[in-house]
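# coords below, sequence missing:
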């Protein structure tokens, strides 16, 4: 699984990145987590509000920081 956190580096973006990495590690999810900060790359996903979360090239969440439980559900469905 490939997970991308889209965001320029705002506090919410950093929180989402930290939470995502924790959920992946704690649940033994086989995933690569990367941070995308380039605004052009972010806009290529059609995202205008950050932070956003992309799983396997599909935008699954944008504009907010979800709970750890919600992230776990997104990664294990």
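Arrived safely. Note that this is a predicted model, so its numbers are computed, not measured.
# can you map out the helices along this structure?
Using DSSP state H, the helices found in the chain span residues 11-26, 39-44, 68-76.
# can you say which of those helices is packed in most?
Ranked by mean neighbour count, these are led by helix 11-26 with a mean of 16 (mean count of other C-beta atoms under 10 Å). (C-beta placed from N, C-alpha, C; glycine too.)
# hmm, back to that, now the helices of the chain as a markdown table including mean pLDDT and distance to residue 4?
Formatted as a markdown table, the helices of the chain follow (pLDDT from 0 to 100; distance: least, C-beta to C-beta, whole Å):
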| stretch | mean pLDDT | distance to residue 4 |
| --- | --- | --- |
| helix 11-26 | 96 | 9 |
| helix 39-44 | 95 | 9 |
| helix 68-76 | 94 | 13 |
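# redo those helices as TSV? Include distance to residue 56.
Shown next, in TSV, are these (distance: least, C-beta to C-beta, whole Å):
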stretch	distance to residue 56
helix 11-26	14
helix 39-44	16
helix 68-76	10
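# nearest to residue 61, out of these?
Residue 61 sits nearest to helix 68-76 of all those, at 7.1 Å, using C-beta to C-beta.
# give me the residues contacting that closest one.
By C-beta atoms under 8 Å, 6 or more residues apart in numbering, the surrounding residues in contact with helix 68-76 are 1, 3, 19-20, 22-24, 27, 29, 31, 53, 55, 60-61, 66.
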